[in-house]
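Undergrad: model this:
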Amino acid sequence: MSKDILRCENCQYYNYDSSTGTSECNQYDNMTEDEIEKYYTNGEFGCPYCKVYEF
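TA: Numbering: from 1, shown residues only. Model (predicted):
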């Protein structure tokens, strides 16, 4: 699997509430501050905690 698919929007741990416009990551507590900034805040590809839904 290519790393470009490993983004928050594709991850089963990512929750987006369209009624409030907020999102959260259920792996947030396991991430370092650098990982949170890089993957969750900045939206970079390749999060090591990302688990993509299988189709």
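
Undergrad: buried sites along stretch 10-30?
TA: 11, 14, 25, 27 (16 or more other Cβ atoms under 10 Å). For glycine as for every other residue, the C-beta is placed from the backbone atoms N, C-alpha and C.

Undergrad: in a markdown table, list those residues along with distance to residue 52 and pLDDT.
TA: Formatted as a markdown table, the buried residues of stretch 10-30 follow (distance: Cβ to Cβ, whole Å; pLDDT from 0 to 100):
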| residue | distance to residue 52 | pLDDT |
| --- | --- | --- |
| 11 | 6 | 92 |
| 14 | 10 | 94 |
| 25 | 14 | 94 |
| 27 | 13 | 95 |
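
Undergrad: out of these, which sit inside strands?
TA: Judged by DSSP state E, the subset of the buried residues of stretch 10-30 located in strands is 14, 25.

Undergrad: and of the buried residues of stretch 10-30, the nearest to residue 45?
TA: Nearest to residue 45 among these, counting by Cβ to Cβ, is residue 11 at 11.6 Å.
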